[in-house]
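Asker: Just the structure for this:
(chains A and B)
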Amino acid sequence: MKTIRNWLLGAGLVAVAPLALAAETGFTLETVDPEADRLALQEFYQKRFPGVPVEEYVNGIYAVDPPSREQWDALMEFPPYEFDLEEGKVLFETPFANGKTYADCFENGGIGIRHKYPYWNKEEGTVKTLEQEINECREANGEEPLRWKKGAIAQISAYMAWTSRGKTFDIEIPEDDPRALQAYLDGKQFFYAKRGQLNLSCANCHLQGSRVLIRADLPGPMLGQPTHFPVYRSKWGEIGTLHRRYEGCHRDSRSVPLPPQSEEFRKLEYFQTYMSNGLVVNGPGARK
Amino acid sequence: MRRLTALICVATAVTAVSGPVAAASQEEMIELGRAVYHDKTRGNCISCHNINDPVANLPGNQGPMMVAMKQRYPDKRKLRAQVWDATVANPLSIMPPIGKHWILSEEEIDAVVEYIYQY
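Answerer: Predicted structure coming up:
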């Protein structure tokens, strides 16, 4: 009898567990649980847009809005980033003045590694992004760093993303260094905090407001947002980095942008990319 | 003495100029409110709130449509307070605090309230 009762109790707990996991876990180091946050976000979108598979979210607004998807499919017949990819490959393979190349700076020669970025660097005690390491590689080899937002850095990053297409994002928050969890938490707070004259948070538009019209624009869902960067944006008429987009978002909400690759932006990228764990790399992307 | 006369003249002129502005007619208020509501660089209210006005162009739907305003806000002052700072009622609201953050002037807020209160 006791056995049966224990068994039933156990089964009950197992049944309850997914629900408990799906709750969002708040803003303190004691309560925050990144994995539960990630599952809660997926559940939020499955309720919001029933029938859209989680894997589809790498396509942003085109995953959840069929009319926009139709226009995008037409655009993607000749993806506008193709010239940048070619240029990125050339830049990536061209040796520096000292004869070394980018391949010498990265794991696996820089091929197929995009899904591991950004990551927590324990030695430096900070979040490292792919663009940051591209420039560090240049400087270590006696070259001038590239400008952060567009041009060569976006092209090289695009090529590196391309070689990683289909790999699953696997951002780790190492448990042996509490500063990593703090960085995730800071990124999460940034995402939900209101800022600027218009008093908007990222979440206002990209969580609550996903696929709700702001004039003629439909904000994309937060899930899957960083997977396709760098991105060729028709509005820019060129390719640009994630931090360039962050800056634009700040301007649109009448908030003073932080500099690209600032600590705050890197933590935001860490949080956002962690939330997209389990989705595949599909960069570079094309967006309106 | 001459200086004093000049001063009085200037003061009179200022009063004469500022007087009529304060006493804008109801139609003028509504016209100003309408302009502010639909102008992208001013209120840009249309980016989130649809309204049944022929000039409405590409209305958004982040916020509710401007209908039945008198039923929803029997007290017009409550409507004005909501425009001035919607975060009092809901801190997570996407609606920018129009008055609190100096997005529009107090006069423009009055005008927008008059304009939407007709619907």
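
Asker: Helices of chain B, start to end?
Answerer: B:2-22, B:26-38, B:69-72, B:76-84, B:106-116 (DSSP state H).

Asker: got the buried residues for the second one?
Answerer: Residues B:Met29, B:Ile30, B:Leu32, B:Gly33, B:Arg34, B:Ala35, B:Val36, B:Tyr37, B:His38 are the ones in helix B:26-38 that count as buried (16 or more other CB atoms under 10 Å in any protein chain shown). For the C-beta atoms, the positions are set from N, CA and C on the backbone; glycine is no exception.

Asker: what about the closest residue to B:Ile51 other than its chain neighbours, neighbour count?
Answerer: With sequence-adjacent residues excluded and distances taken as CB to CB, 6 or more residues apart in numbering or on different chains, B:Ile51 is closest to B:Met66, at 4.2 Å. The local packing of B:Met66 (other CB atoms under 10 Å in any protein chain shown) involves 22 other residues.

Asker: cool, and the one 4 residues further on?
Answerer: Neighbour count of B:Lys70, defined by other CB under 10 Å: 11.

Asker: Not counting sequence-adjacent ones, nearest residue to it?
Answerer: B:Tyr117 (6.7 Å).

Asker: The one you found against B:Leu79, yeah?
Answerer: Yes - counting by CB atoms under 8 Å, B:Tyr117 touches B:Leu79, with 6.8 Å between them.

Asker: Can you name the residues of chain B that neighbour chain A?
Answerer: Counting by CB under 8 Å from any CB of the partner chain, chain B comes close to chain A at B:44, B:46-48, B:58-62, B:87, B:92, B:94, B:96-97, B:101-103.

Asker: Just the buried residues out of those, in PyMOL syntax.
Answerer: Those of the residues of chain B next to chain A that count as buried under 16+ other CB under 10 Å are selected in PyMOL with:
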select buried, chain B and resi 44+46+47+48+59+60+62+87+94+96+97+101+103
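
Asker: returning to what we had before: give the residues shared as contacts by B:Tyr117 and B:Leu79.
Answerer: Common contact partners of B:Tyr117 and B:Leu79 (CB atoms under 8 Å, 6 or more residues apart in numbering or on different chains): B:Met69, B:Tyr73.

Asker: and stretch A:97-106, C-alpha only, in CSV?
Answerer: Presented in CSV, the C-alpha positions along stretch A:97-106 are these (Å, rounded to 0.1, in the frame of the first residue of the first chain):
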residue,chain,number,x,y,z
ALA,A,97,50.7,41.2,-42.9
ASN,A,98,52.4,38.6,-40.6
GLY,A,99,51.1,35.7,-42.7
LYS,A,100,48.6,34.4,-40.2
THR,A,101,44.9,34.3,-40.8
TYR,A,102,41.7,34.4,-38.7
ALA,A,103,41.7,30.6,-38.8
ASP,A,104,44.7,30.7,-36.5
CYS,A,105,42.8,32.5,-33.7
PHE,A,106,39.7,30.3,-33.5
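
Asker: Tell me which residues of it come out buried.
Answerer: In terms of neighbour count (16+ other CB under 10 Å), stretch A:97-106 has its buried residues at A:Thr101, A:Tyr102, A:Cys105, A:Phe106.

Asker: Now for the second one: which residues touch it?
Answerer: Residues in contact with A:Tyr102 (CB under 8 Å, 6+ apart) are A:Phe92, A:Gly110, A:Ile134, A:Cys137, A:Ile156.

Asker: hang on, isn't the first one packed against A:Gly110?
Answerer: Yes - assessed by CB under 8 Å, A:Phe92 is found in contact with A:Gly110 at 6.9 Å.

Asker: list residues touching both of these two?
Answerer: The overlap between the contact sets of A:Phe92 and A:Gly110 (CB under 8 Å, 6+ apart) consists of A:Tyr102, A:Ala103, A:Met160.

Asker: Show me what from chain A comes close to chain B.
Answerer: A:197-200, A:204-205, A:208-209, A:212-216.

Asker: Swap in 6 Å and give it another go.
Answerer: Residues of chain A found near chain B (CB under 6 Å from any CB of the partner chain) are A:Gln197, A:Leu198, A:Asn199, A:Asn204, A:Gly209, A:Val212, A:Leu213, A:Ile214, A:Arg215, A:Ala216.

Asker: Now, of these, which are buried?
Answerer: Members of these classed as buried by 16+ other CB under 10 Å are A:Leu198, A:Asn199, A:Asn204, A:Gly209, A:Val212, A:Leu213, A:Ile214.
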